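Asks: return atomic coordinates for the entry below.
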Amino acid sequence: MDNYLKRADQVFARINQLAAISEHEQGITRTFGTEAFLQGSRQVFLWMQQAGLDTRIDNIGNVRGRIISSNPDAKTFVIASHIDTVVNAGKFDGPLGVLMGLDLLEQLVENRVSLPFHIELIAFSDEEGVRFHTTYLGSKVVTGAFDTSLLNKTDHAGNTLSSVITGMGGAINLLSHDAIAPQNWLGYYEIHIEQGPVLYERNIPVAIVTAIAGQKRVEITFTGMAGHAGTVPMDMRKDALCAAAEFVLMVQQYALANKTNMVATVGKLEVINSASNVIPGKVVCSLDLRSADGSMLEKAYQYINKFAEEIAKKHDTVTVFNLIQHSNSSTCDDNLNNNLRNSILNSGIELVELVSGAGHDAVPISQVSPVSMLFVRCYKGISHNPLEDAEIQDVAAAIQVSEKFIKTLIDQYH
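Replies: Next up, the predicted model:
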């Protein structure tokens, strides 16, 4: 274990070095295409080069390092996570998986391991979707599923995605060339902090991910009539905020009634032209629905949509549902997970299996490749927050499990 702790210490040192690169002095923010993001990418590129990997940055800004197999018919096994962040992020969400993957490949190079397949480490450029409100830009390019209509999307400053990619040095017309063809995928492995409290509460370092919940992100608008707070009688108002408030509570109650199968969150509420002496005439809010059961996800969406209309009618307002984003649930591969289970048990760790409520790059990858994920315990399950933390002993355990997992795959395909 001492060797794994030493390697974990190196992973932590790199995580801290990357965390020092941020758009803001306070906290950690590296959104797609910013100078801080580019500086972080260059640092990861340098580490991959120093490890002896065949390294490049592709046209969407993914940093990619390969170990090439001598097998002429070799497929590619990808180890990956992302290096972009939310605003005021923690330092482990994304980079932990990239830098643990780097450690694994460094050992393979150092020990001159003969590979029956190529291994490619990828630091995805945009998983969080903060700047352009669309997730998985990097991984969708690698799978060949990038939607070119997104190139016209703009950020808050009016910059198009196309111009940002070009400004980073990418070539729009070559994005499709950066995909790994479906027939060339062997598998995918992602290491990530759990972003939930199960492992922390049970004091277990790692867990297998069995599935990733599907998501629907919706923008809901309630429109009534703005009016003077002192002159419009209570029973003659068309108060959009009252409708929105009832909607928020309805979403909570519905999700609680179905808590074994789904979660639902209203995380954003905007009162248009708000003032203390004005009856709210228009309110825009968000809705985040998640479930590993695709039919449950659709049922919840339809139910909440219908109920929102009833609430709007009750308050003499109008509601509009706008589906912003949808991703299907994904199931992790049985063969890869069996190898991962054995690797955990052979490391003397209790086996825990979890469904991920958070989305990951494994979601788009699952459309072209078998996928697997390993969760690492994090402090109180906190994520997307500067308090996000992990312990070196847990990272050492994750390195041990992952190394056994990769060795099992190498032995299987030799």
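Asks: you'd agree Ala300 is up against Ser291?
Replies: Yes - taking Cβ atoms under 8 Å as the definition, Ala300 is a contact partner of Ser291 at 6.8 Å. All C-beta spots, glycine's among them, are computed from the backbone N, C-alpha and C.
Asks: intersection of neighbour lists for the two?
Replies: Met262 (Cβ atoms under 8 Å, 6 or more residues apart in numbering).
Asks: which residues touch Leu199?
Replies: Leu199 touches 205-207, 352, 375-378, 381, counting by Cβ under 8 Å, 6+ apart.
Asks: okay, the residue lying closest to Gln183 once chain neighbours are set aside: pLDDT?
Replies: Among residues not flanking Gln183 along the chain, Lys75 sits closest, at 8.0 Å (Cβ to Cβ, 6 or more residues apart in numbering). Reported pLDDT at Lys75 in the predicted model: 98.
Asks: swap in Lys91?
Replies: If you check Lys91, the pLDDT there is 96.
Asks: Serialize the contacts of Leu199 to a markdown table and add fields for pLDDT.
Replies: Formatted as a markdown table, the contacts of Leu199 follow (pLDDT from 0 to 100):
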| residue | pLDDT |
| --- | --- |
| Pro205 | 98 |
| Val206 | 98 |
| Ala207 | 98 |
| Val352 | 97 |
| Phe375 | 98 |
| Val376 | 98 |
| Arg377 | 98 |
| Cys378 | 97 |
| Gly381 | 94 |
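Asks: of these, closest to Asp155?
Replies: Nearest to Asp155 among the contacts of Leu199, counting by Cβ to Cβ, is Cys378 at 29.5 Å.
Asks: specify the beta-bridge partners of the residue lying closest to that closest one once chain neighbours are set aside.
Replies: By the measure of Cβ to Cβ, 6+ apart, the closest residue to Cys378 outside its immediate chain neighbours is Ile193, 4.1 Å from it. Ile193 forms beta bridges with Val376, as assigned by DSSP bridges.
Asks: and Ile193, what is it in contact with?
Replies: When contacts are counted by Cβ under 8 Å, 6+ apart, Ile193 touches 92-93, 96, 375-378, 383, 388, 390.
Asks: distance check, it against Ala89.
Replies: 12 Å (Cβ to Cβ, to the nearest Å).
Asks: what's the burial count for Val248?
Replies: Neighbour count for Val248, taken as other Cβ atoms under 10 Å: 16.
Asks: return the residues in contact with the nearest residue to it once chain neighbours are set aside.
Replies: Leaving aside its sequence neighbours, Val248 sits nearest to Val266 (Cβ to Cβ, 6+ apart; 4.7 Å). Shown in contact with Val266 (Cβ under 8 Å, 6+ apart): 247-248, 251-252, 285-288.
Asks: now do the helices in the stretch 51-200 of the chain.
Replies: Along the stretch 51-200 of the chain, counting by DSSP state H, counting those that start in this stretch, helices occupy 95-110, 137-143, 161-167, 198-202.
Asks: just put the ones you listed in a markdown table and tack on distance to Ala308.
Replies: Formatted as a markdown table, those follow (distance: least, Cβ to Cβ, whole Å):
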| stretch | distance to Ala308 |
| --- | --- |
| helix 95-110 | 37 |
| helix 137-143 | 30 |
| helix 161-167 | 31 |
| helix 198-202 | 32 |
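Asks: how about those helices, which one is nearest Lys259?
Replies: Per Cβ to Cβ, nearest to Lys259 of these: helix 198-202, 14.8 Å.
Asks: could I get the buried residue list for that closest one?
Replies: 199-200 (16 or more other Cβ atoms under 10 Å).
Asks: would you map the strands across the stretch 1-150 of the chain?
Replies: Taking DSSP state E, counting those that start in this stretch to define them, one finds strands in the stretch 1-150 of the chain at 54-57, 63-67, 76-82, 118-124.
Asks: quick check: which of those strands is nearest to His315?
Replies: strand 76-82 (41.3 Å).
Asks: other SSEs contacting the closest one?
Replies: Under the contact criterion of 3 or more Cβ pairs under 8 Å, 6 or more residues apart in numbering; DSSP states H and E, strand 76-82 touches helix 95-110, strand 118-124, helix 137-143, strand 185-193.
Asks: list the contacts for Met250?
Replies: Taking Cβ under 8 Å, 6+ apart, one finds 304, 307-308, 311 in contact with Met250.
Asks: if we go to 10 Å?
Replies: The neighbours of Met250, taking Cβ atoms under 10 Å, 6 or more residues apart in numbering as the test, are 264, 266, 303-304, 307-308, 310-311.
Asks: the helices in the stretch 301-414 of the chain, which residues?
Replies: Listed in chain order, the helices of the stretch 301-414 of the chain (DSSP H, counting those that start in this stretch) span 334-346, 362-365, 392-413.
Asks: okay, those, which one's buried deepest?
Replies: helix 362-365 (a mean of 26; mean count of other Cβ atoms under 10 Å).
Asks: still on that earlier bit, and the helices of the stretch 51-200 of the chain, which is most packed in?
Replies: helix 137-143 (a mean of 27).
Asks: as CSV, could you dump the C-alpha coordinates of it?
Replies: Output in CSV follows, covering the C-alpha atoms of helix 137-143 (Å, rounded to 0.1, in the frame of the first residue of the first chain):
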residue,chain,number,x,y,z
LEU,A,137,-18.9,18.7,-26.1
GLY,A,138,-15.5,17.0,-25.9
SER,A,139,-16.8,13.4,-25.6
LYS,A,140,-19.4,13.9,-28.3
VAL,A,141,-16.6,14.8,-30.7
VAL,A,142,-14.7,11.7,-29.8
THR,A,143,-17.8,9.5,-30.4
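Asks: tell me the mean pLDDT for it?
Replies: Here the average pLDDT along helix 137-143 is 97.
Asks: before we move on, what about stretch 396-414?
Replies: The average pLDDT for stretch 396-414 rounds to 97.
Asks: can you check which of the helices and strands packed on strand 76-82 gets nearest to Ser41?
Replies: Of all the helices and strands packed on strand 76-82, strand 118-124 comes closest under Cβ to Cβ, at 7.2 Å.
Asks: name every strand pairing with that closest one and say which way it goes.
Replies: strand 63-67 (antiparallel), strand 76-82 (parallel).
Asks: can I assume Asn16 is in contact with Lys91?
Replies: Yes - the pair Asn16 / Lys91 is scored as a contact, 7.1 Å apart, by Cβ atoms under 10 Å.
Asks: which one's more surrounded, these two?
Replies: Between Asn16 and Lys91, counted using other Cβ under 10 Å, Lys91 has the larger neighbour count: 21 against 11.
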